[in-house]
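Trainee: following is a predicted model, sequence given first.
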Amino acid sequence: MANITNKHKERIPLLKIEQTIRRILPLDEEAMREAARRLDRLTKPPGSLGRLEELAVQLAGITGDADLKPMAKAIVVMAADHGVCEEGVSAFPQEVTRQMVHNFLAGGAAINVLARQTGAEVVCVDIGVKGELEDDRLISRKVRQGTANMAREAAMSREEAERAIEIGIELAEILAGKGIRLFATGEMGIGNTTPSAAVLSVLSDVDAEDAVGRGTGIDDAGMKRKQATIRKAIALNVPDASDAIDVLAKVGGLELAGLAGLVLGAAANRRPVVIDGFISTVAALAACRIAPAAKEYLIPSHLSEEKGHRVALKELGLEPMLSLKMRLGEGSGAVLAFPLIDAAGNVLREMATFDSAGVSRG
Ligand SMILES: O=C(O)c1ccc[n+]([C@@H]2O[C@H](COP(=O)([O-])O)[C@@H](O)[C@H]2O)c1
Ligand SMILES: Cc1cc2nc[nH]c2cc1C
């Protein structure tokens, strides 16, 4: 079992994580072969639909069924705060996290607009926002009131990181049980590009400079502070690169751990999960270090402008489908990939074959 030491085996949260890891199976090769055979009978030169064909084969492998059905979709937006904001690493104040949660719930954020356009549900989760949030439409799963400042101490305890992962797993299970067939990762957390860069730096063994970007738009002096803060946090906390849960706990964030759990839960339930920008991709990377088999369940969406995103995608071997100069987060890029994923299913389901249409093969 990947990255699980005996020392922690007795604990209940880890048992849940461990059970989930065991449930993540390789893709169904027979369903993939069947989808590929069908694609080759359709009225087009073989392979001419490129990425759409790859997507169709992957979806068949994930779901175990070459009859691709229309998919109910949900974007899970995990919101949390970051003690490291004390170091002056974001262009925006911390209270924007809570304010944006209200905006998500009221339906006024970019993710709400884009989700409506694709008929997808936005599920907003408080996994660690500072302050109280009372709203029936919010999924309240606060693990703690934001992380601690990782430049001074561990961002959270191992138990808290495990709890956040478990919350992500549980949400995937609940939503899958309610008929959701396609997941997307989304997040909101002022300051979260800093822990994301720290986690990436440790997991991919790259220098802070290559992992760090401007986030919400910090200036050059802020960039230098970000790099120095990440180096300091890593030197102080000494995260174990071979143990992604340790890395998430020491220099990560609650929404990062929650999204890692969502990826694991989606994969264990044989559901594809569309990965948004920088923060989401780092969370997916952590999930794949916990359970390498989860990788096959990931669908990349866009290339974020955030500098470290390329590094994180490369580490996962993922090639984004869109490049829109976006750097918003919230799941906005992932949702924009939904029509492409639907298109893959539609061509497999609806296109005529050479035989049925009376078209000659080459
Ligand atoms: O998804 C991305 O690639 C992305 C890139 C830059 C910023 N963000 C969003 O901006 C916030 C983090 O930026 P910062 O500067 O506060 O670390 C957080 O709420 C993210 O959703 C998101
Ligand atoms: C306004 C605002 C909206 C966001 N959405 C995701 N991250 C964000 C950061 C800010 C600052």
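Mentor: In hand now; what should we look at? Ligands and ions are numbered 1, 2, ... in the order given.
Trainee: would you map the helices across the stretch 51-200 of the chain?
Mentor: Under the criterion DSSP state H, counting those that start in this stretch, the stretch 51-200 of the chain contains helices at 95-106, 110-118, 158-177, 193-204.
Trainee: do the second one and ligand 1 meet at all?
Mentor: No. Using CB under 6 Å from any ligand atom, helix 110-118 stays clear of ligand 1, coming no nearer than 9.8 Å. In this view, the C-beta of every residue, glycine as well, is placed from N, C-alpha and C.
Trainee: so what does that helix touch, helix or strand wise?
Mentor: strand 73-80, strand 121-128, helix 332-336 (3 or more CB pairs under 8 Å, 6 or more residues apart in numbering; DSSP states H and E).
Trainee: and the strands in this protein?
Mentor: 73-80, 121-128, 139-140, 182-188, 273-275, 298-300 (DSSP state E).
Trainee: so what strands line up beside the last one?
Mentor: In the sheet containing strand 298-300, its partner strands are strand 273-275 (parallel), by DSSP bridges.
Trainee: any idea how far the strand it pairs with is from the chain center?
Mentor: Its chain's C-alpha centre and that of strand 273-275 lie 6 Å apart, by CA atoms, centre = their mean, to the nearest Å.
Trainee: what does that strand rub up against?
Mentor: 182-185, 262-263, 266-267, 281, 284, 297-301, 318, 334-335, 337-338, 341 (CB atoms under 8 Å, 6 or more residues apart in numbering).
Trainee: cutoff 7 Å now
Mentor: 182-185, 262-263, 266, 281, 284, 297-301, 334, 337, 341 (CB atoms under 7 Å, 6 or more residues apart in numbering).
Trainee: return the residues in contact with D240.
Mentor: Per CB under 7 Å, 6+ apart, neighbours of D240: D246.
Trainee: anything in stretch 297-310 near ligand 2?
Mentor: No. Stretch 297-310 stays clear of ligand 2 (CB under 6 Å from any ligand atom), getting no nearer than 11.3 Å.
Trainee: ligand 1 contacts on the stretch 101-250 of the chain?
Mentor: Going by CB under 6 Å from any ligand atom, the residues of the stretch 101-250 of the chain near ligand 1 are 187-194, 215-216, 218.
Trainee: let's see that with 5 Å instead.
Mentor: 188, 190-193, 215-216 (CB under 5 Å from any ligand atom).
Trainee: pick the one among the residues you listed closest to ligand 1.
Mentor: G215 (2.2 Å; CB to the nearest ligand atom).
Trainee: so the closest one is in contact with S90, correct?
Mentor: Yes. Between G215 and S90 there is a contact under CB atoms under 7 Å: 6.0 Å.
Trainee: between those two, which one's more packed in?
Mentor: G215 (26 against 23; other CB atoms under 10 Å).
Trainee: count the residues that sit near the nearest residue to that one once chain neighbours are set aside.
Mentor: In space, and not counting its chain neighbours, G215 is closest to T193: 3.7 Å by CB to CB, 6 or more residues apart in numbering. The number of residues packed near T193 is 31, by other CB under 10 Å.
Trainee: ok, now how distant is T193 from R141?
Mentor: Distance, T193 to R141, using CB to CB, to the nearest Å: 23 Å.
Trainee: low-confidence ranges, this structure, go.
Mentor: 1-14 (pLDDT under 70).
Trainee: give me that answer again for 80
Mentor: Applying pLDDT under 80 to the chain flags residues 1-14, 362.
Trainee: got the phi and psi for K307?
Mentor: phi -50, psi -50 (degrees, to the nearest 10).
Trainee: wouldn't it be in contact with G213 here?
Mentor: Yes. Applying CB under 7 Å, one finds K307 in contact with G213, separated by 3.5 Å.
Trainee: could you measure from the closest residue to Q145 other than its chain neighbours over to ligand 2?
Mentor: Leaving aside its chain neighbours, Q145 sits nearest to K130 (5.0 Å; criterion: CB to CB, 6+ apart). From K130 across to ligand 2, the span is 15 Å (CB to the nearest ligand atom, to the nearest Å).
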